[in-house]
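Undergrad: Pasted the sequence and its predicted model underneath.
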Amino acid sequence: MIDVLRRRKPVVTSAPTSNGGDGLVRVSVASLLAMHHGAGVLSLQPRRVRAPGSGGYTSPFKGRGMEFDEVRPYAQGDDVRSIDWRVTARSGKPHTKLFREERERAVLLWLDLRPAMFFATRGSFKAVRAAQAAALLGWNTLRHGDRLGALIFDAHSHEELRPKRGQPALMHVLQRIAAHPAWRDGQPRDDGAAETAALYQGLLRLRRVAQPGSLIILLSDFAGFNERCAAQLAPLARHNDLLAVHVHDPLEMELPPAGHYPVSDGRRFISVETGNQLRRERYRRHFVEHQADLQHFCRRHGGTLLPLSTADEPLTMLQQALGRRR
């Protein structure tokens, strides 16, 4: 019964809106285009210094840096930290490495639109928050001249958009997000095993699309993330930056106060009793362990985990997270 509460789409009881639920239960191209107003305050600039002169940055991501160009004889004034000791040893004369700036990188949005993402008790559907965060990060990618691509998936399909440069690429990504069939009412509900299988397949496709040196942004509730999924994601973390945006609803963290609550997926109604203390603790522990597993994976593989509640504004949370790590 608790599983039904966690996974099914609730009835929207608020008054109808003039925009047809845009920003609450679905997204439109217009609403995603409007996200550009806040994207300028975000920073996805590199954190790690790859070579002298590449600068110091505070973002959690490597991003653009410096890549090796050539070796030439050492000249007075060259930075001694750039000396190529292997060439120096072979030739008997000091040589220095030259680097050139990496002009761009690929940013790949991995957007989860499985049925479990169409749920919320506060704010907006998890799928909506994920799409809004994707749009913000897409606008930021355009602002910094990087290439943008996406892999959008639901329980039964995957759509791959190869990273490309410029505003047309961003427009195409936003259009495909807003037009995805998952937003249509009445999409079939799957059991937990089917959703886990869909997550695993989404990671398999991601490994085929992602190129080394990319920033991969995962936007999902990660329902069903297990050891098999982690095994698919770990190789990507070795050669790319990972930002995992864990989208969740407050109700998934803890059951409401003791009582009987009607719950509906729009077709069926059930009553959920939340007074049992053992059930409440088991329910809370399930979420805590799930988030701890994600955090452990990110720490182990050098990624960044960003929790995003359906009750939160994505821009505020992204600002706080990207400005917090040093």
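TA: Sure thing, it's come through. Numbers count the residues shown, from 1 in each chain.
Undergrad: going forward, measure contacts between C-alpha atoms and count neighbours the same way
TA: Fine.
Undergrad: In contact with Q232, which residues are there?
TA: By CA atoms under 8 Å, 6 or more residues apart in numbering, Q232 lies in contact with Y200, L203, L204, R207.
Undergrad: Let me know whether the second one touches L233 as I believe.
TA: Spelled out, that is L203. Yes. Look at L203 against L233 with CA atoms under 8 Å: they come within range, at 6.6 Å.
Undergrad: give me phi/psi at A311?
TA: phi -90, psi -10 (degrees, to the nearest 10).
Undergrad: more crowded one of L203 and L233?
TA: Comparing L203 with L233 by other CA atoms under 10 Å, the one with more neighbours is L203, at 22 against 19.
Undergrad: list the contacts for the more buried one?
TA: Here L203 is in contact with C229, Q232, L233 (CA under 8 Å, 6+ apart).
Undergrad: and these, which of them are in helices?
TA: Judged by DSSP state H, helices contain the following of these: C229, Q232, L233.
Undergrad: how near is the nearest residue to P73 once chain neighbours are set aside to G77?
TA: For P73, ignoring the flanking residues on the chain, the nearest one in space by CA to CA, 6 or more residues apart in numbering is H95 at 4.2 Å. H95 is 13 Å from G77, where distance means CA to CA, to the nearest Å.
Undergrad: and the residue nearest to P262 when sequence neighbours are not counted, what helix or strand is that in?
TA: Leaving aside its chain neighbours, P262 sits nearest to S271 (4.4 Å; criterion: CA to CA, 6+ apart). Using DSSP states H and E, S271 maps to strand 269-273.
Undergrad: After that strand, heading C-terminal, what element do we hit next?
TA: Using DSSP H and E, the first helix or strand after strand 269-273 is helix 277-301.
Undergrad: List the buried residues in that following helix.
TA: Within helix 277-301, the residues that count as buried by 16 or more other CA atoms under 10 Å are R280, Y283, R284, H290, Q291, D293, L294, Q295, F297, C298, H301.
Undergrad: May I have the phi/psi pair for the residue lying closest to the third one once chain neighbours are set aside?
TA: Using CA to CA, 6+ apart and skipping the chain neighbours, the partner closest in space to R284 is E254 (5.2 Å). Here the main-chain torsion angles of E254 (degrees, to the nearest 10) amount to phi -160, psi 140.
Undergrad: how far away is E254 from T316?
TA: Distance from E254 to T316, by CA to CA: 23 Å.
Undergrad: Likewise for R280?
TA: 30 Å.
Undergrad: same deal with G21?
TA: For G21 relative to T316 (CA to CA), the value is 22 Å.
Undergrad: Looking at the two, which has the bigger crowd around it?
TA: Ranked by neighbour count (other CA under 10 Å), G21 and T316 place G21 first, with 15 against 12.
Undergrad: Okay, the more buried one and S31: tell me how far apart.
TA: Counting by CA to CA, the separation of G21 from S31 is 11 Å.
Undergrad: For the residue nearest to L294 when sequence neighbours are not counted, give the beta-bridge partners.
TA: Of all residues not flanking L294 in the chain, L305 sits nearest, at 7.3 Å (CA to CA, 6+ apart). Beta-bridge partners recorded for L305 (DSSP bridges): A244.
Undergrad: Flag the shaky bits of the stretch 101-250 of the chain, pLDDT-wise.
TA: For the stretch 101-250 of the chain, residues meeting the criterion pLDDT under 70 lie at 101-103, 185-191.
Undergrad: switch to 90 and redo it
TA: Within the stretch 101-250 of the chain, the stretches with pLDDT under 90 are 101-105, 143-145, 156, 184-195, 208-209, 211-213, 239.
Undergrad: Could you tell me the end-to-end distance of stretch 229-248?
TA: Span of stretch 229-248 from end to end, CA to CA: 19 Å.
Undergrad: List the buried residues for that stretch?
TA: For stretch 229-248, burial by neighbour count (16+ other CA under 10 Å) applies to 229, 232-233, 236-237, 240-248.
Undergrad: The residue nearest to L294 contacts V245, correct?
TA: Yes. Using CA under 8 Å, L305 is in contact with V245, at 6.1 Å.
Undergrad: Find residues that contact each of the two.
TA: Shared contacts of L305 and V245 (CA under 8 Å, 6+ apart): none.
Undergrad: Would you mind listing the outside residues contacting stretch 288-297?
TA: A230, M253, G303, L305.
Undergrad: Show me which of those residues are buried.
TA: Counted by 16+ other CA under 10 Å, the contacts of stretch 288-297 give M253, G303, L305 as buried.
Undergrad: Name the nearest of the residues you listed relative to H180.
TA: L305 (25.8 Å; CA to CA).
Undergrad: tell me which residues in the host helix or strand of L161 are buried?
TA: Using DSSP H and E, L161 maps to strand 158-165. The neighbour-count criterion (16+ other CA under 10 Å) identifies H158, E159, E160, L161, R162, P163, K164, R165 as the buried residues of strand 158-165.
Undergrad: And the contacts of it?
TA: Strand 158-165 is contacted from outside by 106-108, 142, 145-153, 169, 173, 202, 205, 209, using CA under 8 Å, 6+ apart.
Undergrad: who are the neighbours of the first helix or strand past it going along the chain, in terms of helices and strands?
TA: Note on strand 158-165: by DSSP H and E, the next helix or strand toward the C-terminus is helix 167-178. On a contact count with 3 or more CA pairs under 8 Å, 6 or more residues apart in numbering; DSSP states H and E, helix 167-178 meets helix 29-33, helix 126-143, strand 147-153.
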